[in-house]
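Colleague: here are the coordinates; sequence isn't available:
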DNA sequence: TTAGGGTTAG
């Protein structure tokens, strides 16, 4: 249904000699740009011959004025001599020159000096103010024009509408719409396009649609105005439907501005396939060298994870601005290319580009993912010398990064130095302690937060429940979950998943299953995954099988779940079922994710895979591995044979176990660092039972603290024990 | 004379 066009009020333009009503009363209250009035002389007598000569000279001077300062000097001379009053044409000339130089204050003042400005002069003044964002002044001038009984023309109204679009409420825009109807501009395409854009800017999409739908002729600007209006106001699908109509009508060819607006809609729905098809259209239309399109395409590819395509487009931009650097860096950071993000951040600095708070946060996020404490410290050091050193957003990112890089002490140091901690800061530190298995401290911080009168939000509870989960604090987690509604927070799927994990991992499998059945929403993979994981720990084949079936229906291509089920069968010695899972994996075309461990030595990351012999020092590494194995055996270490996927012989099992990537990373760390140095390792999978037991003992045998970040949490191994208390 | 866009803590 077409919305009602704003009601026509009583005529706003009055006949000459009758003072016209104001545009709308509140306009009087809009703040105007202050400008000083320069005192001038009384009007002079009709110009004599010497005055005429002066006026001619002044006009010639104006023609040759090359700089705004020249103009100001001429203005001052004419004012003080009183000549300006004698010649309206000179005032108009001076006004137009000021407008050309973009001197809005001076032009505004000069307009007041012209006794009866013509419509083109009013238009210049309105357009000048509208273009410079002085919307209230533009509307004041329009109002003044109406009060003087001047009827606007088709050129007056587009900048007036633009000014109306720059104000938060559509009040003035509606009044101008009434003027348009009254003076018969319904068929003026420029005016109608201005109306569409005005309503779109004022978030009145139904009104914009009504104007657009009534147009008999539409040009590319009409289409672009309505497409971008819909995209900007949260209606991307509507924007794309209109674009499809535009293409099918084949009357108007999209230009680069239209395509930028369309890409914005695809960016909002993160539909890269369709975004790529627009890229195809860009090429077909020969617009692929258009800088603004390259920039928009770079951002959309980066956001959707096609970082290589994004980077090749980025490289074509000669001088990317800070927003484009941010788009590329955060595109890398958010899509698993943390090293490239850090590298690009370094390049940005090397190219003397000034990062902003967003850049810094993206770079810190990349460090967090990389697990690189050295790079993280470098970025903190960098921000310490920048004006972001007190930025709470940056500080919060640092807390998260240090926690994820294995140093909860550094995270706490940053936390302590924040003066007015908001809920996000508290949530970040609570999450950090949880990640390190320090559930009691997380709970203490939660209570401190409440004492500080900071209310928790849903994310705080994710952190708190996950802290309880990692530390096995079942009663506390259960209690906090049930307190959420007291704070007006409705538990989301993530909270339910935490509780299922909490119950199941503590061995309450039946209770966990009942809890899943009582959930008010359909359980997702994370919930069934938590149950499956616990079934693996407690060897519950039946429930494990059931949970796995639910997962396979929801996420058939994730190898990790098949491996979990297979491990449940393997632990129970059900080798034919292990083989069945292997066949199933083959049929579905999924393969086991390859375990990979990273360790940072002297700022350089070294990556290892199971049985990896590609490292230049692999001979020394394997000698150290063999030495560790001998020491482990001598201390009575018995490998846990359930940690292998396939039905191998005992000897093969032992070999495949001690070649796991984290063991190679440990061996490399031992030969590369001084005695007593803490080893820090990041692993892409969950630590296996065997490696976990072995690492505990290794930490004691070699007298080293070993910190391992697995896919879920941190393990701090020291003196034969792990901070997780074997609960993970 | 009129239309557009990219980054953002847990």
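Modeller: In hand now; what should we look at? Every value quoted in this text rests on a predicted model; they were computed, and no experiment measured them. Numbering: from 1, shown residues only, chains lettered A, B, ... in the order given.

Colleague: In chain A, which residue sits nearest DNA strand B?
Modeller: residue A:292 (2.6 Å; C-beta to the nearest atom of the strand). For the C-beta atoms, the positions are set from N, CA and C on the backbone; glycine is no exception.

Colleague: That residue sits in which helix or strand?
Modeller: Assigned by DSSP states H and E, residue A:292 falls within helix A:291-303.

Colleague: Outside of that helix itself, list whatever touches it.
Modeller: A:256-257, A:259-260, A:263-264, A:266-267, A:270, A:272, A:275, A:279, A:282, A:287-288, A:307, A:309-310, A:313-314, A:316-317, A:320, A:324, A:327-328, A:330-332, A:334-335 (C-beta atoms under 8 Å, 6 or more residues apart in numbering).

Colleague: Next SSE downstream of it?
Modeller: With DSSP H and E, the next secondary element past helix A:291-303 is helix A:307-314.

Colleague: And residue A:360, how far from residue A:341?
Modeller: 12 Å (C-beta to C-beta, to the nearest Å).

Colleague: Give me the domain ranges for chain A.
Modeller: Annotated domains of chain A cover A:218-318, A:319-398, A:614-722 [automatic domain parsing].

Colleague: Residue A:128 and residue A:76, how far apart?
Modeller: Counting by C-beta to C-beta, the gap from residue A:128 to residue A:76 is 21 Å.

Colleague: who touches residue A:559 in this structure?
Modeller: By C-beta under 8 Å, 6+ apart, the neighbours of residue A:559 are A:585, A:590-593.

Colleague: just to revisit the earlier point, which of the contacts of helix A:291-303 are buried?
Modeller: Neighbour counting by 16 or more other C-beta atoms under 10 Å classes A:256-257, A:259-260, A:263-264, A:266-267, A:272, A:275, A:279, A:282, A:287-288, A:307, A:309-310, A:313-314, A:320, A:324, A:327-328, A:330-332, A:334-335 among these as buried.

Colleague: Tell me, how many residues neighbour residue A:135?
Modeller: 20 (other C-beta atoms under 10 Å).

Colleague: before we move on, the earlier item: helices - which of the buried ones among the contacts of helix A:291-303 land there?
Modeller: A:256-257, A:259-260, A:263-264, A:266-267, A:272, A:275, A:279, A:282, A:307, A:309-310, A:313-314, A:324, A:327-328, A:330-332, A:334 (DSSP state H).

Colleague: And the helix or strand hosting residue A:177, how far out from the chain middle?
Modeller: Element membership of residue A:177 [criterion: DSSP H and E] is helix A:171-182. In terms of C-alpha atoms, centre = their mean, to the nearest Å, the centre of helix A:171-182 is found 38 Å from the chain centre.

Colleague: and it, which residues are buried?
Modeller: Using 16+ other C-beta under 10 Å as the test for burial, helix A:171-182 gives A:171-180.

Colleague: How about stretch A:296-313?
Modeller: A:296-307, A:309-311, A:313.

Colleague: just to revisit the earlier point, per-residue confidence averaged over the helix holding residue A:292?
Modeller: In this model, helix A:291-303 has an average pLDDT of 95.

Colleague: Any regions of chain A where pLDDT drops low?
Modeller: A:1-47, A:641-658 (pLDDT under 70).

Colleague: what do you get if the cut-off is 80, keeping everything else the same?
Modeller: The model of chain A has pLDDT under 80 over residues A:1-89, A:591-594, A:603, A:611, A:639-659, A:686-690, A:724-725, A:727-728.

Colleague: Now for the spatially most central residue of it: which residues touch it?
Modeller: In chain A, the residue lying closest to the centroid (C-alpha atoms, centre = their mean) is residue A:330, at 7.8 Å. Contacts for residue A:330 (C-beta under 8 Å, 6+ apart) come out as A:302, A:341, A:358, A:362, A:365.

Colleague: ok, and of the residues you listed, which contact DNA strand B?
Modeller: By C-beta under 7 Å from any atom of the strand, the members of the contacts of residue A:330 lying near DNA strand B are A:358, A:362, A:365.

Colleague: The last one - that's part of a strand, no?
Modeller: Same thing as residue A:365. No - with DSSP: H, G, I helix; E, B strand; the rest coil as the criterion, residue A:365 is helix rather than part of a strand.

Colleague: Please list all residues in contact with it.
Modeller: A:330, A:333-334, A:341, A:397, A:400-401.

Colleague: and it, how far is that from residue A:341?
Modeller: Residue A:365 is 8 Å from residue A:341, by C-beta to C-beta.

Colleague: Pull the number of nearby residues for residue A:638.
Modeller: Neighbour count for residue A:638, taken as other C-beta under 10 Å: 9.

Colleague: helix, strand or coil for it?
Modeller: Looking at residue A:638 with three-state DSSP, the answer is coil.

Colleague: How about the backbone phi and psi for it?
Modeller: Note on residue A:638: its backbone torsions stand at phi -110, psi 120 [degrees, to the nearest 10].

Colleague: How about residue A:601?
Modeller: Here is the backbone geometry of residue A:601 (degrees, to the nearest 10): phi -120, psi 120.

Colleague: What separation do you get for it and residue A:659?
Modeller: For residue A:601, the distance to residue A:659 - C-beta to C-beta - is 20 Å.

Colleague: show me where the stretch 501-650 of chain A has strands.
Modeller: Assigned by DSSP state E, counting those that start in this stretch, the strands in the stretch 501-650 of chain A fall at A:596-601, A:604-609.

Colleague: Could you verify my assumption that residue A:624 touches residue A:672?
Modeller: No - with contact defined as C-beta atoms under 8 Å, residue A:624 and residue A:672 do not form a contacting pair (10.0 Å).

Colleague: tell me the contacts of the nearest residue to residue A:298 once chain neighbours are set aside?
Modeller: Spatial nearest neighbour of residue A:298, chain neighbours left out: residue A:313 (4.2 Å); criterion: C-beta to C-beta, 6 or more residues apart in numbering. Going by C-beta under 8 Å, 6+ apart, residue A:313 touches A:294, A:297-298, A:301.

Colleague: now do residue A:267
Modeller: Contact analysis of residue A:267 by C-beta under 8 Å, 6+ apart lists A:275, A:296, A:299-300, A:303.

Colleague: 7 Å instead?
Modeller: Contact analysis of residue A:267 by C-beta atoms under 7 Å, 6 or more residues apart in numbering lists A:299-300, A:303.

Colleague: tell me which parts of the stretch 251-400 of chain A are close to DNA strand B?
Modeller: By C-beta under 7 Å from any atom of the strand, the residues of the stretch 251-400 of chain A that approach DNA strand B are A:255-258, A:260-261, A:263-264, A:267, A:291-293, A:295-296, A:299, A:303, A:320-324, A:326-327, A:330, A:334, A:356, A:358-359, A:361-362, A:365, A:368, A:392-393, A:396-397, A:400.

Colleague: what ranges do the helices span in the stretch 451-600 of chain A?
Modeller: Along the stretch 451-600 of chain A, counting by DSSP state H, counting those that start in this stretch, helices occupy A:458-471, A:474-483, A:493-505, A:509-517, A:525-538, A:541-554, A:559-571, A:575-588.

Colleague: what's the answer for the stretch 51-200 of chain A, then?
Modeller: Going by DSSP H, counting those that start in this stretch, the stretch 51-200 of chain A shows helices at A:68-81, A:83-86, A:88-100, A:104-113, A:119-131, A:135-147, A:157-165, A:171-182, A:189-201.

Colleague: for DNA strand B, what are the nearby residues on the stretch 51-200 of chain A?
Modeller: So far as C-beta under 7 Å from any atom of the strand goes, the stretch 51-200 of chain A lies against DNA strand B at A:127, A:131, A:154-155, A:158-159, A:162, A:189-190, A:193-194, A:197, A:200.
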